[in-house]
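Chemist: give me a 3D structure for the following:
(one chain, ligands or ions: 1)
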Amino acid sequence: MKKTVLRKYANLIAKCGVNVQKGQEVFIVAGLDQPEFVKMVAEECYKLGAKRVVIDWSYAPMQKVHMRYASVKTLGTYTDYQIARFEHYLKTIPCRIFIDSDDPDGLRGINQNKMLRVQQKLYPQSKPYTDALENKYQWCIAAVPGEAWAKKLFPKLSKHQATEKLWEAILSTSRVDDDPVAAWEKHNADLKARCDRLNSLGIKELHYTSSNGTDFTVGMIPEAEFKGGGDTSLQGIFFNPNIPSEECFISPMRGKAEGRVVATMPLSREGQLIENFWIRFEGGKAVEWHAEKNEQLLTNIITADEGAAFLGECALVPYDSPIRQSGLLFYNTLFDENAACHLALGMGFADTIRGFEEKSLEECRAMGVNDSMVHVDFMIGSADLSIDAITNSGETVPIFRNGTWAFS
Ligand code: ZN
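Modeler: This next block holds a predicted model:
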């Protein structure tokens, strides 16, 4: 891909993505296979006034080595210097950038149960810090094609051709055109108008139906609002957490979900695909589920902790979104979740509560925002999906018809 185009993309991530402020620190998490692009992003951050840019390189084969040889106790304990880093984050509130180039199969063969036990041990140790940082900092996830990831999408092409093709798909769906910053401003305005309309209705619950067997009702938190596109941190800085992003999303009411949802896309998880699955909810909780392929992985997600069986997100995405139109399964949630309406099991977003700035995390959770160590999106949008809103005044308002918005 041309350097000039990549430079625009790197600038988009630094400027629109995290919106680096003068004197702010930046932490970048990136794969070891992307030195050139990560260097560009770091440069763009410095040009915007970043004080310090720190890179955390990741390498899936190394993760597998650790998981194989080190004990659960060792892997599940943060060292003093890792704790010191959390404390540094709390003190300095840096921007965080995640550059995802991961091979979707990179962790294949890893001991799933051991990894889950490690995560379950680490989570309570990092939770005080992540809770204290919630919504305070700007962050952004964006993607760069790793060779293995590109070959997974385009197995018949050479590594080089496959990478170019995935670059094209990433850049076009991320609106990296002549003036990506302007394109994102317009896109954000469109998403905001949709959210404003949804928020004006006083939605009590959403009812989803589709010929594939989805027949599902989910309740809303009275104080919650649909959000989409850019976000504002508690520090008052506007940023775009996901590049790309096509969704209007909300945290539903914990405990209010009934019926069956049928997944319409496979869920890529730890190098494997959970395929053709459905989940049935009762009293807000997943009580029954089945997957034709990799059901155990789905069970691991739903039973990861107490909150994992409850929903944390309802997102509305038209079936004709640019990502859907690309016709690709990206094997990556950042893209695939923007191809169709989805739900997420696990952690909800406290910042969907109106006036969350003046509330504590505990208050938001008491209103019905779910808490869990996992947040796993799965797609339920289809070409014939209908969604109706039942409003507080008892009206039924069409929200989706034939997989897309029922209002313009
Ligand atoms: Zn989402």
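Chemist: going forward, measure contacts and count neighbours with C-alpha atoms only.
Modeler: Fine.
Chemist: so what's F407 closest to, chain neighbours aside?
Modeler: Of all residues not flanking F407 in the chain, I399 sits nearest, at 6.9 Å (Cα to Cα, 6 or more residues apart in numbering).
Chemist: so who does the one you found touch?
Modeler: S386, I387, D388, A389, W405, A406, F407 (Cα atoms under 8 Å, 6 or more residues apart in numbering).
Chemist: likewise for A308?
Modeler: By Cα under 8 Å, 6+ apart, A308 lies in contact with I301, I302, L345, G346, M347, S372, M373, V374, H375.
Chemist: now those as a markdown table including secondary structure, distance to E362 and neighbour count?
Modeler: Shown next, in a markdown table, are the contacts of A308 (DSSP: H, G, I helix; E, B strand; the rest coil; distance: Cα to Cα, whole Å; neighbours: other Cα atoms under 10 Å):
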| residue | secondary structure | distance to E362 | neighbour count |
| --- | --- | --- | --- |
| I301 | helix | 24 | 18 |
| I302 | helix | 23 | 23 |
| L345 | strand | 19 | 25 |
| G346 | strand | 16 | 27 |
| M347 | coil | 13 | 21 |
| S372 | coil | 13 | 19 |
| M373 | coil | 15 | 18 |
| V374 | coil | 18 | 21 |
| H375 | strand | 18 | 20 |
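Chemist: Serialize the residues you listed to a markdown table and add fields for distance to S200 and pLDDT.
Modeler: A markdown table is the format used below for the contacts of A308 (distance: Cα to Cα, whole Å; pLDDT from 0 to 100):
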| residue | distance to S200 | pLDDT |
| --- | --- | --- |
| I301 | 34 | 94 |
| I302 | 33 | 97 |
| L345 | 26 | 97 |
| G346 | 27 | 97 |
| M347 | 25 | 96 |
| S372 | 29 | 95 |
| M373 | 32 | 90 |
| V374 | 31 | 93 |
| H375 | 27 | 94 |
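Chemist: tell me the one among those residues nearest to A224.
Modeler: Using Cα to Cα, M347 is the member of those that lies nearest A224, at 14.9 Å.
Chemist: follow-up on the earlier one: so for the contacts of I399, which is the shakiest by pLDDT?
Modeler: Among the contacts of I399, F407 carries the weakest pLDDT, at 86.
Chemist: ok so, going back, now the contacts of I399: which count as buried?
Modeler: S386, I387, D388, A389, W405 (16 or more other Cα atoms under 10 Å).
Chemist: among those, which lie within strands?
Modeler: Applying DSSP state E to the buried ones among the contacts of I399, the entries found in strands are S386, I387, D388, A389, W405.
Chemist: and the helix or strand containing L206, what's its mean pLDDT?
Modeler: Using DSSP states H and E, the element containing L206 is strand 203-209. The average pLDDT within strand 203-209 is 98.
Chemist: from here on, count from 359
Modeler: Sure thing, new numbering starts at 359, so read that last one as strand 561-567.
Chemist: what helices or strands is the helix or strand immediately after it in the chain leaning on?
Modeler: Where DSSP H and E defines the elements, the next helix or strand beyond strand 561-567 is strand 573-578. Under the contact criterion of 3 or more Cα pairs under 8 Å, 6 or more residues apart in numbering; DSSP states H and E, strand 573-578 touches strand 561-567, strand 610-620.
Chemist: tally of neighbours for A724?
Modeler: 11 (other Cα atoms under 10 Å).
Chemist: what's the answer for Y566, then?
Modeler: By the criterion of other Cα under 10 Å, Y566 has 22 neighbours.
Chemist: so C672 sits in a strand?
Modeler: Yes. Counting by DSSP: H, G, I helix; E, B strand; the rest coil, C672 is part of a strand.
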